[in-house]
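A.B. asks: Sequence plus the predicted model coming up.
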Amino acid sequence: MIRIFLTGYMGAGKTTLGKAFARELNVPFIDLDWYIEERFHKSIRELFVERGEASFRELERNMLHEVSEFEDVIISTGGGTPCFFDNMDYMNGHGQTVFLDVHPDILFNRLRVATHQRPILQGKTDEELRAFIADALEKRAPFYVQARYRFDAGHLESRRQIAGSVQQLRSLLGV
Ligand SMILES: Nc1ncnc2c1ncn2[C@@H]1O[C@H](COP(=O)(O)OP(=O)(O)O)[C@@H](O)[C@H]1O
Ligand SMILES: O=C(O)C1=C[C@@H](OP(=O)(O)O)[C@@H](O)[C@H](O)C1
Ligand SMILES: [Mg+2]
């Protein structure tokens with residue numbers, strides 16, 4: 001049975017790689033953010049604004065527990081998922097966990113063009129964004145490193161790179 005959790009910071013490639021990886025392994029793909037959006041008929045952005053972050057995190061944990069029951073699945077979490085409650089332990093107890101480790105400069109380049117999709121990053125200048133990423137990585141690293149595997153997802157900028165990363169991830173996990 002395959003149950004793999006992809007974790008890492010925003011822009012690390014959890015969604016992109018998860019989707020391509022699931023297609024390669026011919027198993028369903030679940031992106032936790034998308035799952036939540038479908039379940040609540042609201043965007044992550046709306047849920048953040050309406051409920052506040054603390055309440056979003058509770059809902060996210062509940063949904064994590066729900067999707068962790070599925071079998072033969074690739075699950076991409078949100079960037080913050082491993083860093084709240086006992087979520088990291090929970091994922092380690094329910095499947096294989098991967099930390100998509102990406103250099104902060106690459107994260108910055110990816111995220112500066114996509115801040116409007118991510119409520120936490122909205123309205124930041126380039127310098128604020130750089131500082132925010134560095135600060136968040138420092139705080140979140142202790143959680144991310146608890147994942148069983150670490151994978152460099154710094155090369156996802158073309159279809160070819162994504163396909164190459166999928167093959168590397170396959171051999172790392174032995175699937
Ligand atoms: N089709 C694509 N072509 C080129 N680059 C892409 C494509 N899809 C994603 N990427 C790159 O991968 C990055 C990671 O995005 P995403 O998978 O949404 O990260 P996460 O889910 O970890 O927040 C994007 O910012 C972009 O640089
Ligand atoms: O890092 C975070 O706290 C968040 C990351 C997002 O997911 P992605 O990492 O897929 O962008 C999403 O869950 C929400 O905006 C909060
Ligand atoms: Mg994502």
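C.D. replies: That came through fine. Ligands and ions are numbered 1, 2, ... in the order given.

A.B. asks: So which bits of the protein are right by ligand 3?
C.D. replies: Within the chain, the positions near ligand 3 by CB under 5 Å from the ion are 14-15. (C-beta placed from N, C-alpha, C; glycine too.)

A.B. asks: Which secondary structure element of the chain has the lowest mean pLDDT?
C.D. replies: Using mean pLDDT, DSSP states H and E, helix 44-51 stands out as the lowest-scoring helix or strand of the chain, at a mean of 94.

A.B. asks: anything in it near ligand 1?
C.D. replies: No. Using CB under 6 Å from any ligand atom, we find that helix 44-51 stays clear of ligand 1, coming within 11.0 Å at best.

A.B. asks: got a list of contacts for the next helix or strand after that helix?
C.D. replies: From helix 44-51 onward toward the C-terminus, using DSSP states H and E, the following helix or strand is helix 53-67. Helix 53-67 is contacted by residues 30, 32, 35-36, 39-40, 44, 47-48, 51, 73, 75, 77-78, 80-81, 84-85, 87, 90-91 when judged by CB atoms under 8 Å, 6 or more residues apart in numbering.

A.B. asks: and what of stretch 105-116?
C.D. replies: Here stretch 105-116 has contacts from 9-12, 118, 121-124, 126, 129-130, 133, 137, 154, using CB under 8 Å, 6+ apart.

A.B. asks: Between all of these, which two are separated the most?
C.D. replies: Based on CB to CB, the longest span within these runs between G123 and G154 and measures 26.6 Å.

A.B. asks: Neighbour count: the two, which is higher?
C.D. replies: Ranked by neighbour count (other CB atoms under 10 Å), G123 and G154 place G154 first, with 18 against 8.

A.B. asks: And the pLDDT for the more buried one?
C.D. replies: For G154, the pLDDT comes out at 98.

A.B. asks: repeat for G164
C.D. replies: Listed pLDDT for G164 reads 98.

A.B. asks: Which helix or strand contains it?
C.D. replies: Assigned by DSSP H and E, G164 falls in helix 159-173.

A.B. asks: Next: L107.
C.D. replies: Counting by DSSP H and E, L107 is part of helix 104-111.

A.B. asks: tilt between the next helix or strand after that helix and helix 104-111?
C.D. replies: Later in the chain than helix 104-111, the nearest helix or strand by DSSP H and E is helix 126-144. Angle of helix 126-144 versus helix 104-111, following axes from the mean of the first three to the mean of the last three CA atoms, to 10 degrees, is 120 degrees.
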